[in-house]
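Asker: Build me a model from this:
(one chain, ligands or ions: 2)
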Amino acid sequence: MIAIIKQGVNDNQIENLINWLESQNLSVHLSKGEYTTILGLVGDTSKIDIELLENLEIVEKVKRISEPFKSANRKFHPNDSIIDVSGVKIGGGNFAIIAGPCSVESEEQIIEIAKSVKNSGATLLRGGAFKPRTSPYDFQGLQADGLELLKLAKKETGMPIVTEIMNANHLPLFDDVDLIQVGARNMQNFELLKELGKTKKPVLLKRGLANTMKECLMSAEYIMAGGNENIILCERGIRTFETYTRNTLDLAAVPMLKELSHLPIIVDPSHACGVSRLVKPMALAATASGADGLMIEVHNDPRNALCDGAQSLTPEQFDDVASKVKTLMEVL
Ligand code: PEP
Ligand code: MN
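Answerer: Ligands and ions are numbered 1, 2, ... in the order given. The predicted model follows:
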């Protein structure tokens, strides 16, 4: 349920109302925009007398929200959320490009790629350390050592780092990670989401392979319910009957999720397509669709990459994509 507050009401009056609502066992989310102040009421609102609330002098309107996601809902929070990842802002008109290899493979590899993607305009460095591989016989990532190499690359370039967590027990290892990624395969690992909710770390939440937009928002809700509102959504393609591409990039999810939620949403055309030559057209299409950023896999030697070489761009190809995206952004 949301209560829209009349214009010109002072903070004291709002605070009194919040105190009363909290005494009714509701938690209240206050959203102050330039023109509108909205109280989002989370909890069992069935006992609240809507008419009584609506008749209060300071209340303009009360609405029940039918969607099960509350904190992530744009109705609660009409302005776009802007997530600050160690100084790099994402959302609300701030566009970010995350680039780097699928997996961190060595010091030379990650540092070389970090420097080149930074020169091309990437604002955050990605690199998997703990890799969710379909086969247990495939390279599982350098794990804790991979995190150390990412930190080295951050020191060398100043770029904030993004890497995937698969196990909540690993959280202490992620202290210096700027943006923690929850991969598609863990989007509904609710225990992991709850643990991330207890932190203040920005989280990049990827949509699951076979999950609806609503399920993705409910997963964001899990993290937000714990008190962590620093979430960026990521559309990375969903599984369909199509086989020429690794997944099917659901670009309609970008404007739809933006309508439903105030959270920023970025697009990962690399995992969506699985084919490097499709990354550029889909990166441009994603930018035009209104995405708040892109995540693109880049490798200095894609043919010998330990993971996802077929979808990885060379640094030169990435440079071309980044410059075309920049030009498109100017037109938009
Ligand atoms: C990744 O970004 O490295 C990854 C594994 O992505 P996804 O979870 O989208 O498959
Ligand atoms: Mn990958």
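Asker: contacts, neighbours, all on C-alpha from now
Answerer: OK.
Asker: Beta-bridge partners for Leu313, please?
Answerer: Val298 (DSSP bridges).
Asker: I'd like the distance between it and Val254.
Answerer: Relative to Val254, Leu313 is positioned 23 Å away (criterion: CA to CA, to the nearest Å).
Asker: So for those two, which residue has more residues nearby?
Answerer: A count of neighbours by other CA atoms under 10 Å puts Leu313 above the other of Leu313 and Val254, at 27 against 23.
Asker: Do I have it right that that one meets Ala305?
Answerer: No - shown here, Leu313 and Ala305 do not form a contact pair, counting by CA atoms under 8 Å, at 11.0 Å.
Asker: Please identify every residue contacting each of the two.
Answerer: Between them, Leu313 and Ala305 share the neighbouring residues His299, with contact defined by CA atoms under 8 Å, 6 or more residues apart in numbering.
Asker: Could you report the pLDDT at Gly208?
Answerer: The predicted structure scores Gly208 at 98 on the pLDDT scale.
Asker: Start at 65, not 1
Answerer: Fine by me, first position is 65 from now on; the one you just mentioned is Gly272.
Asker: Chain neighbours aside, what residue packs nearest to it?
Answerer: Beyond its immediate neighbours in the sequence, the residue positioned closest to Gly272 (CA to CA, 6 or more residues apart in numbering) is Ala248, lying 4.1 Å away.
Asker: With Arg197 instead?
Answerer: Closest residue to Arg197 in three dimensions, ignoring its sequence neighbours and counting by CA to CA, 6+ apart: Gln204, at 6.5 Å.
Asker: neighbours around that neighbour, how many?
Answerer: Gln204 sits with 18 neighbouring residues when counted by other CA under 10 Å.
Asker: Please look at it and Gly210 and confirm they touch.
Answerer: No - taking CA under 8 Å as the definition, Gln204 is not a contact partner of Gly210, at 10.7 Å.
Asker: Now list whatever residues contact both of these two.
Answerer: Counting by CA under 8 Å, 6+ apart, the shared contacts of Gln204 and Gly210 are Phe194.
Asker: Asn83 in helix, strand or coil?
Answerer: Each residue gets one of three states, and Asn83 gets helix by DSSP: H, G, I helix; E, B strand; the rest coil.
Asker: By residue count, tell me the biggest helix in this structure.
Answerer: Using DSSP state H to define each element, the chain has its longest helix at helix 379-395.
Asker: Show me what it is packed against.
Answerer: Contact partners of helix 379-395 among helices and strands, from 3 or more CA pairs under 8 Å, 6 or more residues apart in numbering; DSSP states H and E: helix 171-184, helix 343-352.
Asker: Need the CA coordinates for the last one. CSV is fine.
Answerer: These are the backbone C-alpha positions of helix 343-352, laid out as CSV (Å, rounded to 0.1, in the frame of the first residue of the first chain):
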residue,chain,number,x,y,z
VAL,A,343,27.4,-8.5,-29.4
LYS,A,344,27.8,-5.1,-31.2
PRO,A,345,24.3,-4.9,-32.8
MET,A,346,22.7,-6.1,-29.6
ALA,A,347,24.8,-3.7,-27.4
LEU,A,348,23.5,-0.9,-29.6
ALA,A,349,19.9,-2.1,-29.5
ALA,A,350,20.1,-2.4,-25.7
THR,A,351,21.4,1.1,-25.4
ALA,A,352,18.5,2.3,-27.6
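Asker: And for it, what's in contact with it?
Answerer: Residues lying outside helix 343-352 but in contact with it, judged by CA under 8 Å, 6+ apart, are 315, 318, 331-334, 337, 357-358, 360, 375, 385, 388-389, 392-393, 396.
Asker: isn't Ile154 right up against Ala160?
Answerer: Yes - in terms of CA under 8 Å, Ile154 counts as a neighbour of Ala160; the distance is 6.0 Å.
Asker: who has more neighbours, these two?
Answerer: In this view Ile154 and Ala160 are compared by other CA under 10 Å, and Ile154 has more residues nearby, 23 against 20.
Asker: tell me the centre residue of the chain?
Answerer: In the chain, the residue lying closest to the centroid (CA atoms, centre = their mean) is Ile296, at 1.9 Å.
Asker: ok, that residue - contacts?
Answerer: Taking CA under 8 Å, 6+ apart as the contact definition, Ile296 lies against Ile147, Pro266, Val267, Leu268, Leu269, Leu327, Pro328, Ile329, Ile330.
Asker: The helix or strand hosting the last one near ligand 1 at all?
Answerer: To tie it back to what came earlier, the one meant is Ile330. When secondary structure is defined using DSSP states H and E, the element that contains Ile330 is strand 329-331. No - shown here: strand 329-331 not in contact with ligand 1 (CA under 6 Å from any ligand atom), separated by at least 9.9 Å.
Asker: Beyond that strand, next helix or strand please.
Answerer: helix 333-337.
Asker: Just want the residue of the stretch 265-396 of the chain that's nearest ligand 1.
Answerer: Sorted by distance to ligand 1 under CA to the nearest ligand atom, the residues of the stretch 265-396 of the chain start with Arg300, at 5.3 Å.
Asker: so where's this structure uncertain?
Answerer: Along the chain, the model assigns pLDDT under 70 to no residue.
Asker: how about a cut-off of 90?
Answerer: Flagging of the chain using pLDDT under 90 yields the residue ranges 89, 96-100, 106-114, 128-132, 140.
Asker: Before I go, just wanted to say thanks for your time.
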